[in-house]
Structures are given as C-alpha cells and as structure tokens.
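Enquirer: what would the 3D arrangement of this be:
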Amino acid sequence: MEGPKQVLHMKGSSHINAAEANENQRNWTKEQYDRRNDQGEKFYDWYRRHLNFEIDRDGNVHELGYSGKINERFDRRVAELGAAPLDLRLQEKYLPNRIVKFIISGDTEVMRRMAFGNQDVNFLYESESNSRVKRMKAIEDWAKAVHRYICKKYGAENIVGFDVHLDEHSPHIHCSIIPVGQRLNKETGELESVISFKQHFGHSLAEGSLVYQALHTELYEQVNKDFGLVRGDSIRGRNVKHRDRTEYNRLLARKEASLRTMIANAEQELASLKVQMSDIETAIRQGTGNVDKLKEEFADLERRYKDVKGKRDNRLWELVKIDKERAQRNVELEKMDDRCKELESREKDLIKQMAVLVEMPLASAALRFILPAFKALCLEAPEIREHLADTIFEDIDEDNFEGIMKTAAEVFIAGILGPQYPVQISGGGGGSESRMPWKDKDEDLRDYALRCLKYGRKLYKSAKKTQKSGGYHGHR
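Expert: I've put the predicted structure just below:
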C-alpha cells in the first residue's frame, strides 16, 4: 500500500527483567538518561519524559508506573497460571517463550503530529524548552484503540505492560503480553488456561511468519486505517534505515563523543597503572617488601594494563571507522546531490525536446518532401507539373494541410512505440499493421518522419474520399 506506513515488531522471550522493565517505565534518573545517550544507539529526551504514559487494564491513561512494575506483574500472572519457575541459568534459546514484547508505531511525521500537533519540539538534542510541550489527545486516542485491539485478541488480564514513549525520535508503544491458551486437563476433563506461545504464534517459523503477516493486516483494518496509517511492508531482504541525514549525523556525533570520553578515561587509567607498575618494579629491585607478593601484584597490574589497552585500541579503531564511514557517506551524498541535479536538468531538457519531438522532424520531412517541387518552381523547369502532382505541396494552401500533418504525427508516434502500444490515428484510421510504417531500429529519425508524412497523407486523403462517398472508414 502507498502512504505513511504502520510499524509492528514483536519478539518472544522467556521473561522480562528489572532493567528492561525500568527502561519501559522510564524508572531512570537524569544520570541514567545521560548514560544511555552516551551509548549513541538511541536518543532519550529527559525534558520530554513527562509526556510518556501508560494504559491500564481498563483502558485509562496514567503516568508510567501507575500499575506497578512490569517484571513483578509478569511474575504474578505467571504464578496465577501455575507455570513452574524457569531456570534462568540456562541460555535464553533453551527456555520457553512466556512473554511477547510488541513495539507498535508508524510513520514518524504522522506519529509526531498525533503526539505534539503543531508545537515546536526539538528532536535533535535535549532542550529545556521541550519541558513545556503538551501531549495531544490524538496520541491517547490511538493508544487506546491499539489497547482495545490487544485486549480483544489476548485478554486484558494477560497484558503486563502497555507503555507509550514520547521522549524518543518517534512516538511508539511497548506492549508486553503473556500468551495464554487453553489445554485439556486429563484428570478433570476440563479446559484450563496455560501459557502457550505456539497456540498464538505458530509451531514453526513458517507458521509464525503467517501469523505475523495476519497481525499486520488486523492492526491496519481494526485500528490504524482510522488514524492515517496504512499496512506496513515486510523489511525482510531489505536494508532499511529509518534515519534521515540529520539524525544519522547526530547519532554519529554522539557515538564519537562517547568513544572519545571512554578513550580519555582509558588513557588516564593506563597512566595510573604505569605508575603503580613502576613503583612495584622499584620495590622489587630495592628488595623492600615481600618480593613474591609484589610480583603477583605486578602480574595483576600487567594483565589489567593489557586489558585496558586492548579496549582503548578497539575504541580508537572504532573512531577511525566512524571517520571513514562519515567520509564515505558524504561522498555518496554529494554524488546523489549531483545526480539529482543532473536528472532535474535532463528532465527539463527532455520536456522541451518532447514538445518539439513530433513537430520538428515532420516539419523537416515536409521541407524535404516539397523541395523538388519548390526548386522546379523557382527554376521554372518544364517538369514543374510532374513535381507538383501528388505531393503535399499542392495541399499547403488548402485546409487539408493541418489534417495531414496531424495524421502523420500520429503515425509517427505509433510507429516509434510499436504495435504493443496501439495509438488511435484520428485523421484516417490506422490501416493494417502490416502496412504501417514501423520505425526501423537504425533508421534516421528524419527519414522515418518523411515516410510517416507520405503514409499519413495517403491515409488522410483516403479518409476524405470515403467521407465524401458516404462510406465509413473505421478507426483502429
């Protein structure tokens, strides 16, 4: 579908830990916001945190954290369903999926318009002015509509988190649900509720893919078509970058600044380790202290020094890669800009050329066609009548001339396009395809225009005769 797209991502997991719950509910201090921003992956705006909200089980809007911590709500619901505790010492891939984490959003401009309306919002960096931005009702209405859809599909009691973030690049929902299905209890013969990822999301990757596609369609039909979003396209097989040039440069700059800070800290630690190692070497040479213990301490410091140096060198290499990436990106962008300008220029030239494409070759052909008669007339040659007979020259002073030129132009276009693109020839029908003067591959355009002029004149004259005789000359 064409238009601003919806966004839907989902991931199954065995559990949700406290750190992830704190992130979803923004249980962070200013220092934690800054620390996450220093990582350079995403941008979290401390001054827009007041705009975030959650939807409770009954569909009401509250501040984040109103319904309790997500990880604790997850643990309670899992216990209610009688599921056995997981051995979290095992790797995630060996554990069953007990929670599904959705991220739901849409086209950035549409989402920002719903969330902020026409207010001035700084999306590039933290700005205290953003603390005065107000949340629009439209984003709450959209979130409530999504919440109703999730409740209907998975049950309100199985939603352990429904948090809406307006402090990042694009507004979005983090929705965490426990997939609950039905199973026959062999002892009682009754159905009981159990956690079952496969009942909802398929027993294989192929089934899961079909379920995911169906979710996309349902979300569009039941929610997003009423909010200006269309069904999203699969990003499988495509290298999609949801970042414009400004955002890309900002992220690179933040990552670069973070790397430089870490490199500076590493340099300070290396300098300190060098001093400590030098002091121990001096103590060993002078025989002061327990030599064996000093050597052990020196070995520990040496291992630490190598470790810190390795990390520092890796970060230095990352800086080099950023510089290369930025330079390559700038070259690519410059090429794209130049190419765009070139295409715009070519487009303008083509428009001008197309405007005269038919007229100029035909006018030239007409000149070549009447030239023998014109020369003979000028020279008062005895063969003048022979030249004038059956040529377009004798039509110039008649109303036929414009009609002949129009018919010839249509023949000209039809012949260039070929029989696979039929063109209606208004002046005198199309004749048969076998007699149409199709353009030869290597034929000069002016020579071809001359053939079209002759053929068009013949068609036009034939049509005029048919009209005078009361007959009908069908159009193709």
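
Enquirer: now do stretch 342-357, average pLDDT.
Expert: The average pLDDT within stretch 342-357 is 61.

Enquirer: strands of the stretch 51-200 of the chain, start to end?
Expert: For the stretch 51-200 of the chain, the strands defined by DSSP state E, counting those that start in this stretch cover 53-55, 61-62, 99-106, 159-165, 172-177, 180-184, 191-195.

Enquirer: quick one: closest of these to N71.
Expert: strand 159-165 (8.4 Å; CB to CB). Any C-beta I mention is one placed from the backbone N, CA and C, and that applies to glycine too.

Enquirer: contacts for the closest one, please.
Expert: By CB atoms under 8 Å, 6 or more residues apart in numbering, the residues outside strand 159-165 that reach it are 16, 21, 24-26, 52-57, 64, 70, 73-74, 77, 99, 139, 143, 147, 150-151, 171-178.

Enquirer: narrow those to those that are buried.
Expert: 16, 21, 24-26, 52-55, 57, 64, 70, 73-74, 77, 99, 139, 143, 147, 150-151, 171-178 (16 or more other CB atoms under 10 Å).

Enquirer: re earlier: out of the strands of the stretch 51-200 of the chain, deepest packed?
Expert: Per residue and on average, the most neighbours among these fall to strand 159-165, with a mean of 25 (mean count of other CB atoms under 10 Å).

Enquirer: report the strands that pair with that one, each with its relative direction.
Expert: Partner strands and pairing direction for strand 159-165 (DSSP bridges) are strand 53-55 (antiparallel), strand 172-177 (antiparallel).

Enquirer: among the strands of the stretch 51-200 of the chain, which comes closest to K42?
Expert: The nearest among the strands of the stretch 51-200 of the chain, by CB to CB, is strand 159-165 at 10.3 Å.

Enquirer: and the helix or strand containing K311, what other elements does it pack with?
Expert: Element membership of K311, judged by DSSP states H and E, is helix 291-357. Contact analysis of helix 291-357 by 3 or more CB pairs under 8 Å, 6 or more residues apart in numbering; DSSP states H and E lists helix 245-286 as its packing neighbours.

Enquirer: which residues are in contact with the closest residue to K198 other than its chain neighbours?
Expert: Residue nearest to K198 in three dimensions, not counting chain neighbours: G181, with 8.0 Å by CB to CB, 6 or more residues apart in numbering. Neighbour list for G181: 193-196, 198-200 [criterion: CB under 8 Å, 6+ apart].

Enquirer: bridging residues for G181?
Expert: Going by DSSP bridges, G181 is paired in beta bridges with V194.

Enquirer: next one: it from N118, what distance?
Expert: Distance, G181 to N118, by CB to CB, to the nearest Å: 46 Å.

Enquirer: same check on M436?
Expert: The value you get for M436 to N118, if CB to CB is used, is 59 Å.

Enquirer: R135 too?
Expert: Taken as CB to CB, the span from R135 to N118 is 14 Å.

Enquirer: so those two - more neighbours on which side?
Expert: With neighbours defined as other CB atoms under 10 Å, R135 and N118 compare such that R135 has more, 21 against 7.

Enquirer: show me what contacts that one?
Expert: For R135, the contacting residues are 51, 53, 115-116, 166, by CB under 8 Å, 6+ apart.

Enquirer: H15: what secondary structure?
Expert: coil (DSSP: H, G, I helix; E, B strand; the rest coil).

Enquirer: that one touches R98, doesn't it?
Expert: Yes: counting by CB atoms under 8 Å, H15 touches R98, with 6.3 Å between them.

Enquirer: so K11 is in which element?
Expert: strand 6-13.

Enquirer: direction included, what does that strand pair against?
Expert: Applying DSSP bridges to the sheet, strand 6-13 is found paired with strand 99-106 (antiparallel).

Enquirer: can you tell me what sits against the partner strand?
Expert: 4-16, 74, 111, 146, 150, 160, 170-179, 197, 200-201, 219, 224, 227, 229.

Enquirer: could you check the angle it makes with strand 191-195?
Expert: Orientation check (axes from the mean of the first three to the mean of the last three CA atoms, to 10 degrees): strand 99-106 against strand 191-195 gives 70 degrees.

Enquirer: any idea how far strand 99-106 is from the chain center?
Expert: Between the centre of strand 99-106 and the centre of its chain there are 18 Å (CA atoms, centre = their mean, to the nearest Å).

Enquirer: tell me the domain ranges of this protein?
Expert: Domain assignment for the chain by automatic domain parsing gives 6-239, 249-347, 360-468.

Enquirer: any weak-confidence spans in the stretch 301-450 of the chain?
Expert: 340, 343-344, 346-399, 401, 417-434, 446 (pLDDT under 70).

Enquirer: let's go with 80 and repeat that
Expert: For the stretch 301-450 of the chain, applying pLDDT under 80 flags the ranges 323, 325-437, 439-450.

Enquirer: same thing with the stretch 151-300 of the chain?
Expert: Under the criterion pLDDT under 80, the flagged ranges of the stretch 151-300 of the chain are 203-206, 232-259, 261.

Enquirer: and the nearest residue to L95 once chain neighbours are set aside, how close does it get to T407?
Expert: Leaving aside its chain neighbours, L95 sits nearest to S14 (3.6 Å; criterion: CB to CB, 6+ apart). The gap separating S14 from T407 is 77 Å, by CB to CB.

Enquirer: who's more crowded, the two?
Expert: Higher neighbour count among S14 and T407: T407, with 25 against 18, using other CB under 10 Å.

Enquirer: show me what contacts I416?
Expert: By CB under 8 Å, 6+ apart, the neighbours of I416 are K439.

Enquirer: over to Q276?
Expert: L301.

Enquirer: quick one, phi/psi of M436?
Expert: For M436, the backbone dihedrals are phi -60, psi 140 (criterion: degrees, to the nearest 10).

Enquirer: buried ones in stretch 31-51?
Expert: Across stretch 31-51, burial judged by 16+ other CB under 10 Å covers 33, 37, 40, 43-51.

Enquirer: could you do stretch 452-467 as well?
Expert: Buried residues in stretch 452-467 (16+ other CB under 10 Å): 452-461, 463-464.

Enquirer: stretch 298-308 now?
Expert: Counting neighbours by 16+ other CB under 10 Å, one finds that the buried residues in stretch 298-308 are 298, 301, 305, 308.

Enquirer: any chance you could list what contacts that stretch?
Expert: With CB under 8 Å, 6+ apart, stretch 298-308 has contacts from 266, 269-270, 273-274, 276-277, 280-281, 284.

Enquirer: so how far is that stretch off the chain centroid?
Expert: 47 Å.

Enquirer: for that stretch, list the C-alpha coordinates in CSV.
Expert: Below are the C-alpha coordinates for stretch 298-308, written out as CSV (Å, rounded to 0.1, in the frame of the first residue of the first chain):
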residue,chain,number,x,y,z
PHE,A,298,52.7,-6.7,39.3
ALA,A,299,51.3,-9.6,37.2
ASP,A,300,47.7,-8.5,38.1
LEU,A,301,48.5,-4.9,37.1
GLU,A,302,50.1,-6.0,33.9
ARG,A,303,47.0,-8.1,32.9
ARG,A,304,44.8,-5.1,33.8
TYR,A,305,47.1,-2.9,31.7
LYS,A,306,46.8,-5.2,28.6
ASP,A,307,43.0,-5.4,29.0
VAL,A,308,42.5,-1.6,29.3
